[in-house]
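A.B. asks: Task: produce atomic coordinates for the following.
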Amino acid sequence: MGPSFLDPLLSSDGKPYGPKHFKELVKECWYISDNLHTSYTDVLDLSFQERVYLIECINAKQDATKKAMEQAAANAKR
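C.D. replies: Numbering: from 1, shown residues only. Have a look, this model is predicted:
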């Protein structure tokens, strides 16, 4: 995906937006790859919306796991 005319030239802190956006995309792709145990290059083939949905699913699963572990720990103390 190339640069978009919709992207700002500068970020809110006055620095070039491109490098910051690229770093965010790399981090996002790594996050999905790491949690789904799939290759980074496979994640690059996903659309923007697929990545958004996957991140939502990953975060929801992590939240549910954390809650379950907290509940198990609370039950174990009783």
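A.B. asks: what packs against the strand or helix carrying Pro19?
C.D. replies: Using DSSP states H and E, Pro19 maps to helix 17-36. Using 3 or more C-beta pairs under 8 Å, 6 or more residues apart in numbering; DSSP states H and E, the elements in contact with helix 17-36 are helix 40-44, helix 48-77. Yep, even glycine has a C-beta here, placed from its N, CA and C like the rest.
A.B. asks: For Asp13, which of those helices is the nearest?
C.D. replies: Closest approach to Asp13 among the helices and strands packed on helix 17-36 (C-beta to C-beta): helix 48-77, 23.8 Å.
A.B. asks: in that closest one, what counts as buried?
C.D. replies: 51, 54 (16 or more other C-beta atoms under 10 Å).
A.B. asks: which stretches of this structure have low pLDDT?
C.D. replies: 1-5 (pLDDT under 70).
A.B. asks: Quick check, central residue of the protein?
C.D. replies: Central residue of the chain (C-alpha atoms, centre = their mean): Glu28, 3.9 Å from the mean position.
A.B. asks: Nearest residue to that residue in space, please, no chain neighbours.
C.D. replies: Leaving aside its chain neighbours, Glu28 sits nearest to Arg51 (6.1 Å; criterion: C-beta to C-beta, 6 or more residues apart in numbering).
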